[in-house]
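> model this:
(one chain, ligands or ions: 1)
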Amino acid sequence: MLSGFIYLEVCFNYSGVALLKVLIVYDSVSVNKNTEKVAETIRDALKAKGIDVQSSYVENVDASTVKDYDCLIVGSPTQAWRATVLIRDFFDSLKTESFAGKSAVAFDARIKSRLSGGAIGGIESKLKQLGFKIIVPGLAAYVEGKQTNPVLLDGELDKAKKFAEDLAKALH
Ligand SMILES: Cc1cc2nc3c(=O)[nH]c(=O)nc-3n(C[C@H](O)[C@H](O)[C@H](O)COP(=O)(O)O)c2cc1C
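Sure, this is the predicted structure:
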């Protein structure tokens, strides 16, 4: 009886509507963990909108569970104009699955410069190849400072919160 109650609580909100399940997968390399901070901000803002969301460092994700989610959000620091090796390896680990009909979104952390490029384009291409549908434009979170010690610019976490709120609307 108790386990049945817990199951209902996990899968439905109090108005009886099934909760959407969202998985955020991120890498974060620098000491300041900027991409992780963006991931946590998105997670908290989605939770506040009643969405069942989990945020996981990429090496902690079991690829076989990704299909259990309605929406996959992938975030990466930009390195050499693209996503990190761990994020690219993560996509390789999903190759044998089909994600047709699932939603997805990308974000990255990058330097604010005309020459810096970004990881969003590559992440979105991989997601589309896997069958995901990109439901809102990706979020670029800007950092400044040395490569070893980059910090998010003022306002970037507010931008991430707004991004998540827009995403929540797109998901419902
Ligand atoms: C090896 C290396 C390559 C990088 N290449 C780029 C780049 O091509 N474009 C860019 O905007 N930032 C680049 N950066 C800066 C990262 O974007 C920045 O360190 C990152 O956003 C920090 O995210 P994190 O704190 O989550 O690791 C690079 C950083 C490193 C260490």
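> From here on, just use CA atoms for contacts and neighbour counts.
Noted.
> Now do the contacts for the residue nearest the centre of the chain.
Residue closest to the mean C-alpha point of the chain, counted by CA atoms, centre = their mean, is residue 73 at 2.8 Å. Taking CA atoms under 8 Å, 6 or more residues apart in numbering, we find residue 73 in contact with 22, 23, 24, 25, 104, 105, 106, 107.
> low-scoring stretches of the protein, by residue?
The model of the chain has pLDDT under 70 over residues 1-18.
> List, one by one, the residues from it near the ligand.
Neighbours of the ligand within the chain, by CA under 6 Å from any ligand atom: 28-30, 32-36, 77-81, 109-111, 116-118, 143, 147, 150.
> now the residue nearest to the centre of the chain, which residues is it bridged with?
Beta-bridge partners recorded for residue 73 (DSSP bridges): residue 24, residue 105.
> before we move on, what about residue 111?
As for beta bridges, residue 111 partners with residue 143 under DSSP bridges.
> quick one: it from residue 144, how far?
Distance, residue 111 to residue 144, by CA to CA, to the nearest Å: 6 Å.
> which of these two has more neighbours?
In terms of neighbours (other CA atoms under 10 Å), residue 111 is the more surrounded of residue 111 and residue 144; the figures are 23 against 14.
> What backbone torsions are found at residue 119?
Main-chain torsions, residue 119, degrees, to the nearest 10: phi -100, psi -10.
> what's the burial count for the residue lying closest to it once chain neighbours are set aside?
With CA to CA, 6 or more residues apart in numbering as the criterion, residue 119 has its nearest non-adjacent residue at 4.2 Å, and that residue is residue 82. Residue 82 is flanked by 21 other residues according to other CA under 10 Å.
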